[in-house]
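Asker: just a sequence and a predicted model for now, questions to come.
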Amino acid sequence: MSDDRLTTSDEELLVRLGSLLAEVDSVPESVRAAAVASYSWRSPDAELARLVESMSGAAEVRGDEARLLTFRADSITIEVEVIPVRDRLRIVGQLVPPQPARVQVEQPGSDSTVGTDADGLGRFMLDDTAPGPARLVCTLADSGPICTEWTIL
Amino acid sequence: MRSGSAVRFLSMSDDDAGQLVRAAANGDQAAWEALVDRYARLVYTVARGFRLDEADVADVSQATWLRLVENLDKLRDPGSVGAWLATTARREALALLRNRWEVPSPEFTRSEPIDESQPEPWQRLVAEETDAELWHAYRKLPIRCQELLRLLVFEPVGSYAIAAAALSVPIGSLGPSRARCLATLRALLSQPAPQRRT
């Protein structure tokens, strides 16, 4: 910062602007509360499945507004298609390699957690998910829970 | 002796931020709330820099904080958590825009230049005459200048890394850009006051 040090008058101007913008950009209480509450979703023991691919509106494939998301952990890949149904979302998924599992969708805005069982081919469907931040939690027969990264659906 | 700036914009060192991240990773709820207190406005401001409605801005903010929760023990440089949050909020906002088919380029995702015929929603907040003049001048700045200054006033000291992450520009460009934006702002302030709507 040595070659662009602020003059005193520049600094005063920035401080005045800072006071002004502190009021204009004040964070709504609900937004702050949601940030604080995020901590309750800490799950240090779960394995994280990273989002490795996101394709929106694969119109040439589907002709609709579906999104294709691919999450990858060491032992498993979770592929999901997110399909808008009116103002809700349907999640159709596939575990690779195919295997039975308990699959739940978690959303910070929702009190209850919706879950389903993937069939022997690793397929599952979750209906009636609200748009917004969400993650899937997969519990496999022989390992701990695997959480997808939080993603805005 | 300078007054005001150091009080209003208490700066947190990288060490402090890194300690909070490590404490929060170990289950310290108070450390988490201290991180939120410190960076909630940064995350919110970055999210607001895109053409998103209030509900989407809230989603981007929440998703950014949830991403930090899941990465608390995985950050390569916990001391740079501010820059990490700014980058993550920016990515979440851009991803949300892409999903809406509004494939963005930086020029078009920023908030639009002010329409002088519209009443300004912030006007009630800037009641004092000098503030009103400053606000009026600020809103006449190019959008990139508004965004840059908005991010730089968080912490006059040491916030370049965060602002560079939030704007996705080289850190070396910020000093010259800031000087240019402040000069423009000063020039706008010295112009005759515009006609007031009262």
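Answerer: Done, it's in.
Asker: counting neighbours, what do you get for residue B:87?
Answerer: Close neighbours of residue B:87, defined as other C-beta atoms under 10 Å in any protein chain shown, add up to 18. (Glycine included, C-beta is placed from N, CA and C.)
Asker: can you pull the contacts of it?
Answerer: B:165-166, B:168 (C-beta atoms under 8 Å, 6 or more residues apart in numbering or on different chains).
Asker: rerun that using 7 Å as the cut-off
Answerer: residue B:165 (C-beta atoms under 7 Å, 6 or more residues apart in numbering or on different chains).
Asker: any idea how the chain splits into domains?
Answerer: With no chain named, the answer covers chain A. A:2-38, A:44-152 (automatic domain parsing).
Asker: oops, chain B please
Answerer: With automatic domain parsing as the reference, chain B has domains B:11-109, B:112-198.
Asker: most neighbours per residue, which of those domains?
Answerer: Comparing the domains of chain B by mean neighbour count (mean count of other C-beta atoms under 10 Å in any protein chain shown), domain B:11-109 ranks first with a mean of 19.
Asker: where along chain B do the helices fall?
Answerer: B:5-8, B:14-25, B:29-48, B:54-71, B:81-99, B:106-109, B:129-140, B:143-152, B:160-167, B:174-190 (DSSP state H).
Asker: who wins for proximity to residue A:32 among the ones you listed?
Answerer: helix B:29-48 (5.2 Å; C-beta to C-beta).
Asker: pLDDT averaged over that closest one - what is it?
Answerer: Mean per-residue pLDDT for helix B:29-48: 93.
Asker: next, the angle from that helix to helix B:81-99.
Answerer: 50 degrees (axes from the mean of the first three to the mean of the last three C-alpha atoms, to 10 degrees).
Asker: which strands or helices does helix B:29-48 pack on?
Answerer: helix A:29-37, helix B:14-25, helix B:54-71, helix B:81-99 (3 or more C-beta pairs under 7 Å, 6 or more residues apart in numbering or on different chains; DSSP states H and E).
Asker: closest to residue A:17 out of those helices?
Answerer: Of these, nearest to residue A:17 by C-beta to C-beta is helix B:81-99, at 19.0 Å.
Asker: what comes up buried for the longest helix along chain A?
Answerer: What stands out as the longest helix in chain A, according to DSSP H, is helix A:8-24. For helix A:8-24, the buried set under the neighbour-count rule, 16 or more other C-beta atoms under 10 Å in any protein chain shown, comprises A:10-11, A:13-21.
Asker: great, nothing more from me.
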